[in-house]
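A.B. asks: pasting a predicted model and its sequence here:
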Amino acid sequence: MAKEKSGGNRVLADNRKARFNYVVTDSLEVGIELKGTEVKSMRTALFSFTDAYAKIVNNELFLVSFHINPYPFGNLYNHDPDRERKLLAHKEEIKKMKRKVDERGFTLIPLKFYLKEGKVKLLLGICQGKSHGDKRQSIKQRDDKRNVDREIRGKY
């Protein structure tokens, strides 16, 4: 019997800190160019992207400060953990992002890594940094929502 492809997406990691530190105005699904054992390390969630961001160089997207731990069983075929990785997107989409980044001061931040039909994908957010007051407002809204939920649970 033939093996069926699963249609679901499996989330490898989600950058919740980015949604707190930045206002996400737009997002784009892009592919990521991985070599050798990097795919196996990604599937086992052996990576870190706390300070990662994307930059546009010569109309190409690159992911910077993205660390993929070496695969434990990869021995001699392991990769460089901190190399810049190329992101795969259409030229028109890259041009739109470049205009926003250059003109309005946006930043390209990775929001989520996931598997889609066996391939590693990245949700890249076009973000603008929040001020200290905006962050306080976010904390206040989150606390208020939590208190309301507690009250509702307490009544029933």
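C.D. replies: The structure has been received and is ready for your questions.
A.B. asks: quick one, helices of the chain?
C.D. replies: Assigned by DSSP state H, the chain shows helices spanning 16-21, 38-43, 91-104, 132-155.
A.B. asks: avg pLDDT for the first one?
C.D. replies: The pLDDT scores in helix 16-21 average 84.
A.B. asks: chain center to that helix, what's the gap?
C.D. replies: Relative to the centre of its chain, helix 16-21 is centred 11 Å away, using C-alpha atoms, centre = their mean, to the nearest Å.
A.B. asks: quick revisit: which of the helices of the chain sits closest to K112?
C.D. replies: With C-beta to C-beta as the criterion, K112 lies closest to helix 16-21 of these, at 9.3 Å. (C-beta placed from N, C-alpha, C; glycine too.)
A.B. asks: give the buried residues for stretch 74-90.
C.D. replies: With burial defined by 16 or more other C-beta atoms under 10 Å, the residues of stretch 74-90 counted as buried are N78, H79, R85, K86, L87, A89.
A.B. asks: make CSV out of those residues and add distance to K96 and pLDDT.
C.D. replies: Below are those laid out as CSV (distance: C-beta to C-beta, whole Å; pLDDT from 0 to 100):
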residue, distance to K96, pLDDT
N78, 36, 81
H79, 31, 82
R85, 21, 93
K86, 18, 94
L87, 14, 94
A89, 10, 94
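A.B. asks: out of the residues you listed, who's nearest F47?
C.D. replies: Proximity of those to F47 (C-beta to C-beta) peaks at R85, which lies at 10.6 Å.
A.B. asks: might you report the residue contacts of that closest one?
C.D. replies: R85 makes contact with I32, E33, L34, F62, L63, F66, according to C-beta atoms under 8 Å, 6 or more residues apart in numbering.
A.B. asks: hmm, R43 and the third one touching each other?
C.D. replies: Put plainly, it is L34. No. Assessed by C-beta atoms under 8 Å, L34 is found out of contact with R43, at 10.3 Å.
A.B. asks: shared neighbours of these two, anything?
C.D. replies: Common contact partners of L34 and R43 (C-beta under 8 Å, 6+ apart): V120.
A.B. asks: neighbour-wise, which of those two wins?
C.D. replies: A direct count of neighbours by other C-beta atoms under 10 Å for L34 and R43 places L34 higher, at 17 against 14.
A.B. asks: dihedrals phi and psi, the more buried one?
C.D. replies: phi -120, psi 150 (degrees, to the nearest 10).
A.B. asks: quick one: contacts for F62?
C.D. replies: Counting by C-beta under 8 Å, 6+ apart, F62 has contacts A54, K55, I56, E84, R85, K86, L87.
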